[in-house]
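1. From the sequence below, what's the structure:
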Amino acid sequence: MESPIKFICLVGFVVLVVSIAGFHRVEGAGECGRYTTPDNEAMKLAPCAAAAQDENASVSQSCCAQVKKFSQNPGCLCAVLLSNTAKMSGIDPKIAITIPKRCSFANRPIGYKCGSYTLP
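-> The predicted structure follows:
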């Protein structure tokens, strides 16, 4: 029973943080485009929470669908995985970066450097 409560608290905290962060205006184009931030984009990867914390967790179809949207912009995906929202959500970048491979994406950017991590 403790696990569902912990997850609900985690999601609530992430929503609060993103809401607060969203009050400032983004002036320039960043890794994820002109009108969004990696922290805002991180919310779209909520279906990937378990898979990004446990390398043995199965990756849901909804997670793979969201990650696939980033396939043409690995810089944005990298920024999302290293974002403050991801960190505060307990995401392990070393595990999260394996999700495109675990989704069996043939056209993933193998070898792309994401901070100190490399996409497998």
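2. next helix or strand past the helix-or-strand element of the chain with minimal mean pLDDT?
-> Of the helices and strands making up the chain, the lowest-confidence element is helix 2-21, at a mean of 51, by mean pLDDT, DSSP states H and E. Proceeding N to C from helix 2-21, the next assigned helix or strand is helix 38-42, under DSSP states H and E.
3. How far does that following helix sit from its chain's centre?
-> Relative to its chain's centre, helix 38-42 lies at 7 Å (CA atoms, centre = their mean, to the nearest Å).
4. Quick one: name whatever helix or strand follows that helix.
-> helix 61-68.
5. Against which helices or strands is that following helix packed?
-> Packing contacts for helix 61-68, counted by 3 or more CB pairs under 8 Å, 6 or more residues apart in numbering; DSSP states H and E, involve helix 99-102. Backbone N, C-alpha and C define where each C-beta goes, glycine included.
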